[in-house]
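Q: Predicted coordinates and the sequence they were generated for:
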Amino acid sequence: MRMTNQRKMILDLLKKSRMPKSAEMILSDLPDHTMNLSTVYRTLDAFFIEGLVSKSSMKNTAYYYMQNQGHHHYMICINCQKMYEIDCHLDDIAEHVADHHHFKITHHDMTVYGYCEACQKELNM
Ligand SMILES: [Zn+2]
Ligand SMILES: [Zn+2]
């Protein structure tokens, strides 16, 4: 795979990041001011299609993350946007579904949405 400097810079940032990042957040973290937002968007999208990064969405914004320390996903509070790292339990289901449809899975994507404990209290849920 061809790894240009731009791709490498964005990938390094995601590798170092402990939490998922949006294209805007990545752009502001980049030292290179010649890269524009659409380049960052395009690169992230390519990474996602290639299965290099996973993503979660909040209010029309996609947040990208590496599967650094073992495969995992995120659970996001839709009120305060707090993110929790959660284990993946999809592998067995994915395998079963792939067999059934003769589908060759390259990667998958999963995000759990809801309200954290503090927000449930705040919103009297
Ligand atoms: Zn919350
Ligand atoms: Zn998973």
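A: Here it is on my side, so go on. Ligands and ions are numbered 1, 2, ... in the order given.

Q: who's in contact with the longest helix along the chain?
A: Criterion DSSP state H: the longest helix present in the chain is helix 37-50. For helix 37-50, contacts defined as CB atoms under 8 Å, 6 or more residues apart in numbering pick out 1, 6-7, 10-11, 23-24, 26-27, 30, 53-55, 62, 64. C-beta here means a position set from N, CA and C on the backbone, and glycine is covered the same way.

Q: now the helix or strand that it is followed by: how far from the chain's centre is it?
A: Moving toward the C-terminus from helix 37-50, the next helix or strand (DSSP states H and E) is strand 53-58. Counting by CA atoms, centre = their mean, to the nearest Å, strand 53-58 is centred 3 Å from the centre of its parent chain.

Q: thinking again about what came up before, buried ones among the contacts of helix 37-50?
A: 6-7, 10-11, 23, 26-27, 30, 53-55, 62, 64 (16 or more other CB atoms under 10 Å).

Q: and the closest residue to ligand 2 within the chain, how many neighbours?
A: Nearest residue of the chain to ligand 2: Cys88, at 2.9 Å (CB to the ion). By other CB atoms under 10 Å, the residues close to Cys88 number 14.

Q: Also Pro31?
A: Other residues close to Pro31 by other CB under 10 Å number 7.
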